[in-house]
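Novice: no sequence on this one, just coordinates:
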Ligand SMILES: Nc1ncnc2c1ncn2[C@@H]1O[C@H](COP(=O)(O)OP(=O)(O)OP(=O)(O)O)[C@@H](O)[C@H]1O
């Protein structure tokens with residue numbers, strides 16, 4: 001299987017504070033990887049580097065030229081007065097005047113993310129799980145083949161967590177989408193992700209979730 005992403009000798013420093021160094025890994029097409037580590041270890045920082053939002057101190061990030069990334073940001077609570085419907089929110093990055101193909105694409109994504117029936121509900125009124133599925137739907141509009149989720153399940157109740165993870169697994173299995181998923185929830189990662197990247201001693205170690213030491217959980 002081909003690599004979607006290769007990272008070589010990546011290092012990040014904020015002023016004189018070293019966050020991580022000597023980070024090397026690659027992700028295969030269709031892989032599912034949990035990005036793990038204690039608070040402040042660098043998970044969001046490395047995601048911002050991968051997304052091109054932050055310049056690393058040194059090192060290389062190479063994406064396969066055909067890779068299209070979708071990004072689901074860390075959960076931010078949307079104001080209860082937020083006026084857009086779920087459908088309008090999912091459509092935010094589409095052209096203002098939508099042709100039939102775009103409308104059909106939106107219908108398809110709403111169906112796939114189980115939002116069709118509640119597409120006219122205001123985002124402000126939606127539950128945490130529905131909001132998070134709407135963020136995911138918005139990221140899917142552009143047909144990404146690599147999806148990055150930053151703490152996507154952090155504030156969800158157990159049912160909503162499972163629903164979101166089942167959906168992510170479906171995208172991985174049906175569309176062969178590569179998944180990188182930041183979380184503190186190791187049991188959840190163990191259940192749904194095959195591989196891990198773990199920040200430890202200011203660098204990143206990798207392996208398979210099934211082999212991750214139980215000590216990390218405590
Ligand atoms: N712009 C910045 N300037 C200075 N320091 C920063 C900046 N952004 C992040 N940091 C520091 O870098 C470290 C890594 O932060 P980061 O947000 O990547 O951690 P994290 O692993 O995502 O944490 P959490 O699990 O709490 O979300 C922290 O010590 C943070 O304070």
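Specialist: Yes, it's here. Here the structure is a predicted model, which means the values were calculated and not measured. Numbers count the residues shown, from 1 in each chain.
Novice: CA only for contacts and neighbour counts going forward, please
Specialist: Will do.
Novice: which residues of this protein lie near the ligand?
Specialist: 14, 19, 37, 38, 39, 40, 41, 42, 43, 44, 45 (CA under 6 Å from any ligand atom).
Novice: filter those down to the buried ones and hand me the ChimeraX line.
Specialist: Here is the ChimeraX selection string for the buried members of the residues of the chain next to the ligand, based on 16 or more other CA atoms under 10 Å:
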select :19,37,41,42,43,44,45
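Novice: check the gap between the spatially most central residue of the chain and residue 27 for me.
Specialist: With distances taken as CA atoms, centre = their mean, residue 149 lies nearest the centre of the chain, 1.3 Å away. Between residue 149 and residue 27 the distance is 15 Å, computed by CA to CA, to the nearest Å.
Novice: can you check residue 43 too?
Specialist: 16 Å.
Novice: now swap in residue 143 and tell me
Specialist: Distance from residue 143 to residue 27, by CA to CA: 19 Å.
Novice: between those two, which has more neighbouring residues?
Specialist: More crowded of residue 143 and residue 27, by other CA atoms under 10 Å: residue 27, with 20 against 15.
Novice: across the sheet, point out what pairs with that one.
Specialist: residue 5 (DSSP bridges).
Novice: return the residues in contact with it.
Specialist: Neighbour list for residue 27: 3, 4, 5, 6 [criterion: CA atoms under 8 Å, 6 or more residues apart in numbering].
Novice: pretty sure the third one sits against residue 24.
Specialist: No: here residue 5 lies out of contact with residue 24, judged by CA atoms under 8 Å, at a distance of 10.7 Å.
Novice: quick one: pLDDT of residue 82?
Specialist: Per-residue pLDDT puts residue 82 at 88.
Novice: please apply the same query to residue 1.
Specialist: The model reports residue 1 with a pLDDT of 61.
Novice: just the one 3 residues further on next, same as before
Specialist: Looking at residue 4, its pLDDT stands at 94.
Novice: cool, residue 214 as well?
Specialist: 69.
Novice: can you report how many residues lie near residue 170?
Specialist: Residue 170 has 15 nearby residues by other CA under 10 Å.
Novice: correction: residue 165
Specialist: 19.
Novice: and it, backbone torsions?
Specialist: phi -70, psi -40 (degrees, to the nearest 10).
Novice: equivalent analysis for the one 4 residues further on, please.
Specialist: The phi and psi torsions at residue 169 (degrees, to the nearest 10) take the values phi -60, psi -40.
Novice: what sits against it?
Specialist: So residue 169 contacts residue 192 (CA under 8 Å, 6+ apart).
Novice: one more: residue 176?
Specialist: Residue 176 neighbours (CA under 8 Å, 6+ apart): 29, 30, 145.
Novice: give me the subset of those residues lying in helices.
Specialist: Members of these lying in helices (criterion: DSSP state H): none.
Novice: out of these, which is nearest to residue 84?
Specialist: residue 145 (27.1 Å; CA to CA).
Novice: so which residues of the protein form strands?
Specialist: Under the criterion DSSP state E, the chain contains strands at 3-14, 17-28, 32-36, 58-63, 69-72, 146-150, 178-182, 195-200, 203-208.
Novice: can you put the ones you listed in JSON lines and add distance to residue 84?
Specialist: Formatted as JSON lines, the strands of the chain follow (distance: least, CA to CA, whole Å):
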{"stretch": "strand 3-14", "distance to residue 84": "35"}
{"stretch": "strand 17-28", "distance to residue 84": "36"}
{"stretch": "strand 32-36", "distance to residue 84": "32"}
{"stretch": "strand 58-63", "distance to residue 84": "34"}
{"stretch": "strand 69-72", "distance to residue 84": "18"}
{"stretch": "strand 146-150", "distance to residue 84": "23"}
{"stretch": "strand 178-182", "distance to residue 84": "27"}
{"stretch": "strand 195-200", "distance to residue 84": "36"}
{"stretch": "strand 203-208", "distance to residue 84": "40"}
